[in-house]
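[1] Next come a sequence and a model predicted from it.
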Amino acid sequence: MALGVLGIVLFKENQPLSSIGLQPLRWQSMVWGLAFAGILIFIYSPGLMWAIRQLNFTDFEGGLSKLTQLPIWYLILAVIIGGITEEILYRGYATERLSEFAGSYWTGSILALAAFGLAHIPLWGWQPAVTTVISGGLLTLFYLWTGDLIPCIIAHIITDSVGIVIPALGQRNLDA
């Protein structure tokens, strides 16, 4: 799907990939991605976990239990492909094109973020999708601030690895 969007940008719209935030890979982008992943993991996530307990959100186990049944290699591949694809589709393409259409980055970003949240409901349920909208909102703000999708892709892959792959590895160790 991401390749299709890249094809649309390049060949149908005749736009550069930078029009959806895909800048040339620079070391600064990698540093920003690692730093933002650290903020999401060590600052945002503990606060989110506290809020989840306070709100009695319980739907996370269903999605995680489905994922822990999959092979680790598959989860790693899914996290990498998912992080790249979701950032290109929602943060890059949807945010930029909906913002152009609406005449406002805020409106375009909110519409793209709503689509991002809705896309997570089938696997995770509505409660986890709400938390996805919040983390997606942080990624969107970071993208709007930097104009560079690469750090968002890096942060997305790292945080999904911590939230999906590591728990699956832990579950396998408990089962062994």
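    Received, thanks.

[2] OK, contacts around Trp32?
    Thr146, Asp148, Pro151, Ile154 (CB atoms under 8 Å, 6 or more residues apart in numbering). C-beta: built from backbone N, CA, C; applies to glycine.

[3] From the chain's centroid, how far away is the helix or strand containing it?
    Using DSSP states H and E, Trp32 sits in helix 27-39. Remark: helix 27-39 is offset 14 Å from the chain centroid, using CA atoms, centre = their mean, to the nearest Å.

[4] Which elements pack onto the next helix or strand after that helix?
    The helix or strand immediately downstream of helix 27-39 is helix 45-55, counting by DSSP H and E. Contacts defined by 3 or more CB pairs under 8 Å, 6 or more residues apart in numbering; DSSP states H and E place helix 45-55 against helix 126-146.

[5] what's in contact with the helix it packs on?
    Applying CB under 8 Å, 6+ apart, the set of residues contacting helix 126-146 is 21, 32, 36, 40, 44, 48, 52, 55, 57-60, 63, 87, 90-92, 95, 105, 109, 112-114, 116-118, 120-121, 124, 149, 151-152, 155-156, 159.

[6] Over to stretch 157-176?
    Against stretch 157-176 from outside (CB under 8 Å, 6+ apart): 33-34, 37, 40-41, 45, 64, 67-68, 70, 72, 75-76, 78-80, 82-84, 135.
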